[in-house]
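> no sequence for this one, just the structure:
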């Protein structure tokens, strides 16, 4: 088996706080993301925190996908590490849409034993604003958190 892989570090901003605070929705999105990346799911573990936020991991044969959410800030930090022939960029797109992220920052690293020395940064991009209907105000985000 190859030890080389891609590691995507992603920051999603301007996300829907109700989604970010919904443990079952986050788990479903992460499973969908793993499947879109053509990864083989081994197991999952997710937890909702009080007063808000969700953290979780999808363990895949090819490594893992993890997420930590801050609904009160409309923010999610995500980590996709996959070896072999997976397509982690597809997972990125699934979450971008599912979280209704307004912006995203993505750093792609190449890792593992190979010809290059150590970890190599392949790309670092800020994926700027995508128009989204019904952009929530701070008051609406707070109200959404109180209803979840």
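Perfect, thanks for sending it. Not measured: the values here are computed from a predicted model.
> so what pLDDT did residue 145 get?
Residue 145 carries a pLDDT value of 47.
> Beta-bridge partners for the nearest residue to residue 120 once chain neighbours are set aside, please?
Of all residues not flanking residue 120 in the chain, residue 110 sits nearest, at 4.5 Å (CB to CB, 6 or more residues apart in numbering). C-betas here are computed from N, CA, C, even on glycine. Beta bridges link residue 110 to residue 6, residue 120 when assigned by DSSP bridges.
> So residue 110 sits against residue 118, correct?
No - between residue 110 and residue 118 there is no contact under CB atoms under 8 Å: 9.7 Å.
> who has more neighbours, those two?
Ranked by neighbour count (other CB atoms under 10 Å), residue 110 and residue 118 place residue 110 first, with 16 against 7.
> for the longest helix seen in the chain, the distance to its chain's centre please.
If you go by DSSP state H, the chain has its longest helix at helix 23-36. Centroid separation for helix 23-36 versus its chain: 9 Å, with CA atoms, centre = their mean, to the nearest Å.
> can you map out the helices along the chain?
17-20, 23-36, 88-98, 138-147.
> So which elements touch the shortest one?
Read it as helix 17-20. Packing partners of helix 17-20 (3 or more CB pairs under 8 Å, 6 or more residues apart in numbering; DSSP states H and E): helix 23-36, helix 138-147.
> what is the mean pLDDT for the first one?
So the one you mean is helix 23-36. pLDDT averaged over helix 23-36 gives 98.
> what sits up against it?
19-20, 41, 44, 46-48, 54, 56, 58, 60, 65, 67, 69, 80, 87, 90-95, 98-99 (CB atoms under 8 Å, 6 or more residues apart in numbering).
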